[in-house]
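Q: Below are the sequence and a predicted model; questions follow.
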Amino acid sequence: MRRTVIIEIEEIEFKNPVLIEGLPGLGMVGRVAVKYLIRQLKAKKFAELYSPHFAYYVLIDREGIITLLKNEFYYWKSDHGDTDLILLTGDSQAQTIEGQYEVAETILEYAKKKNVKAIITVGGYRKDIVGTPQVFASATDPETLKKALEAGSLSSPPGSPIVGAAGLLIGLAKFKGINGICLLSETPGYMPDPRAAKSALMVIAKMLNLKLDLAGLDREIERIARIEEELRKMEERRAIEEEIMRKERERLSYIG
């Protein structure tokens, strides 16, 4: 494989489609959010993207079958027939600068072919937080940004770089005549963060008038909270043990 390719599994005709991207990144916020959307909406896969710019290893599924790293496109057709969704997630982002641009260009060309008029990218904004994570928005134009702000997001601080696909897709979308908005949800970033994903999904749901049941994310938030509490307790025990060992070394040194 010498270049990035998209393999279409099923040819779908869309009506006014919006592309929502959520690839692995800080706190896995985008991936968690889009994966949840796929499950909630019962979206169906219709295309796969492969690239030599992904990491050089393969994955093994539960049946022991090897698969290359890939990105996947899913579709959801609106019951009201007004706005369909294309949901993009996957195993990896490109590992090089050149690869990021090539993959982004390939995605945007495919989006244009599918008559996508707007793109929403989702990622994480590193911050230690207490309570509900806030969502920061930046966009290709003032009108698009206004929609996100009215849906409950805040305007992104000026000068903050958006690294990877979440930023690059929006930056390049302007040259394709596609409006775009990037939503970054606050996250510590050290483990998958369903709280941050929930905040982003609440903004998306208001922007697109989607009815989403977020109870599944609430259960995941509780599970992650239990894991974090266990890690905190382990860290406390380790600190106590190290202090005991330090005092014992000092005592032995004094005796000697």
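A: Received, thanks. Note that the structure is a prediction, hence the values are computed from the model and not measured.
Q: which residues of the stretch 1-150 of the chain fall in helices?
A: When assigned using DSSP state H, counting those that start in this stretch, the helices of the stretch 1-150 of the chain occupy the ranges 29-41, 97-113, 142-150.
Q: all strands of the stretch 101-250 of the chain, in order?
A: 118-126, 135-139, 154-155, 179-187 (DSSP state E, counting those that start in this stretch).
Q: Check the offset of the shortest one from the chain's centre.
A: This means strand 154-155. 18 Å (Cα atoms, centre = their mean, to the nearest Å).
Q: Can you tell me which of the helices of the stretch 1-150 of the chain is most buried?
A: Of the helices of the stretch 1-150 of the chain, the one with the most neighbours on average (mean count of other Cβ atoms under 10 Å) is helix 29-41, at a mean of 23. Where C-beta positions appear, they are placed from N, C-alpha and C, glycine not excepted.
Q: Report all helices and strands that that helix contacts.
A: Contact analysis of helix 29-41 by 3 or more Cβ pairs under 8 Å, 6 or more residues apart in numbering; DSSP states H and E lists strand 18-21, strand 85-90, strand 118-126, strand 179-187, helix 194-208, helix 215-255 as its packing neighbours.
Q: mind running it again at 6 Å?
A: Applying 3 or more Cβ pairs under 6 Å, 6 or more residues apart in numbering; DSSP states H and E, one finds that helix 29-41 contacts strand 85-90, strand 118-126, helix 194-208.
Q: what are the pairing partners of the first one, and which direction each?
A: If I follow you right, that is strand 85-90. strand 18-21 (parallel), strand 71-76 (antiparallel) (DSSP bridges).
Q: could you dump the ones you listed to CSV with mean pLDDT and mean neighbour count?
A: Formatted as CSV, these follow (pLDDT from 0 to 100; neighbours: other Cβ atoms under 10 Å):
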stretch, mean pLDDT, mean neighbour count
strand 18-21, 98, 26
strand 71-76, 98, 22
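Q: Lovely, talk soon.
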